[in-house]
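build me a structure from this.
(chains A and B)
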Amino acid sequence: LAKTTQPISMDSYEGQEVNITCSHNNIATNDYITWYQQFPSQGPRFIIQGYKTKVTNEVASLFIPADRKSSTLSLPRVSLSDTAVYYCLVGDPGRRALTFGSGTRLQVQP
Amino acid sequence: EPEVTQTPSHQVTQMGQEVILRCVPISNHLYFYWYRQILGQKVEFLVSFYNNEISEKSEIFDDQFSVERPDGSNFTLKIRSTKLEDSAMYFCASSSTGVWTEAFFGQGTRLTVV
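Residues are numbered from 1 along each chain as shown, chains lettered A, B, ... in the order given. Okay, the predicted model is just below:
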């Protein structure tokens, strides 16, 4: 299982773009990269998933360089409601269990 | 939007008692999971369930834990003899395929063992 490393915490202000980078040096060929968001006292929520290059949805963008040893979650124009913990997960889609790390605690201020 | 629902939202129980946490997964989903999160710690995988049997379980999921899908809609987690260290938020999740990343989580049941 690929180990992931991401910053413990980040601070931002409303309206700014936030980029959270995750390092996963030993990612395997079959592994996908997925990001989840968790608000206090709530279950994690799927944000975005990718394998390589760039993926964009209505919430975020995910940038994956060619070597796939890292990935960056980009949140455009954050608001106070984006204050949450963001988790980077790496793993084989054939495996059922999700392995969460400690995540990045994003604090958005007015 | 379909959602996973869990009941109760909060359960207080005495050490040694049995508890059953209940979940209603999204109706067309086939894979069901339980996770737990001790206050201030990581979300931890407990068990996955597919086709009426456990497909994977973690070291945490020992003999005091069991899961069941008693009917076509509910998915339960039973803890036979609760310990203080079982106090945590328990999350149920479901997914429509075996792609592990597309899991939808419920709001959780906060279990407090006293």
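
can we go C-alpha only for contacts and neighbour counts from here?
OK.

let me know how buried residue B:59 is, in neighbour terms.
The number of residues packed near residue B:59 is 8, by other C-alpha atoms under 10 Å in any protein chain shown.

give the contact list for residue 5.
Using chain A here. Going by C-alpha atoms under 8 Å, 6 or more residues apart in numbering or on different chains, residue A:5 touches A:22, A:23, A:24.

my bad, the chain I had in mind was chain B
Residue B:5 sits next to B:23, B:24, B:25, B:106, B:107 when contact means C-alpha under 8 Å, 6+ apart.

so what pairs up with it in the strands?
residue B:24 (DSSP bridges).

rebuild the contacts of residue A:5 as a markdown table, extending it with distance to chain B, secondary structure and neighbour count.
Below are the contacts of residue A:5 laid out as a markdown table (distance: C-alpha to the nearest C-alpha, whole Å; DSSP: H, G, I helix; E, B strand; the rest coil; neighbours: other C-alpha atoms under 10 Å in any protein chain shown):
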| residue | distance to chain B | secondary structure | neighbour count |
| --- | --- | --- | --- |
| A:22 | 17 | strand | 25 |
| A:23 | 18 | strand | 18 |
| A:24 | 16 | coil | 20 |
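
what's residue A:62 sitting at in phi/psi?
Per-residue torsions, residue A:62: phi -130, psi 120 (degrees, to the nearest 10).

isn't it right up against residue A:50?
Yes - at 7.0 Å, residue A:62 counts as touching residue A:50 under the criterion of C-alpha atoms under 8 Å.

neighbour count winner among the two?
Set residue A:62 next to residue A:50 and count neighbours by other C-alpha under 10 Å: residue A:62 wins out with 26 against 19.

where does chain A have low pLDDT?
Scanning chain A for pLDDT under 70 picks out the ranges A:1, A:93-94.

relative to residue A:76, how far out is the residue sitting nearest the centre point of chain B?
In chain B, the centroid-proximal residue (C-alpha atoms, centre = their mean) is residue B:34; its distance is 3.1 Å. Residue B:34 sits 32 Å away from residue A:76, going by C-alpha to C-alpha, to the nearest Å.

next: residue A:30.
Residue A:30 sits 29 Å away from residue A:76, taking C-alpha to C-alpha as the criterion.

before we move on, what about residue A:105?
17 Å.

my read is that the residue nearest to the centre of chain B contacts residue B:91, right?
Yes - here residue B:34 reaches residue B:91: they are 5.7 Å apart, a contact under C-alpha under 8 Å.

any idea how far the residue with the largest distance to the centre of chain B lies from chain A?
In terms of distance from the mean C-alpha position of chain B, residue B:1 ranks first, at 21.1 Å (C-alpha atoms, centre = their mean). Distance of residue B:1 to chain A, computed by C-alpha to the nearest C-alpha, to the nearest Å: 13 Å.

picking up where we left off before, of residue A:30 and residue A:76, which one has the most company?
residue A:76 (14 against 11).
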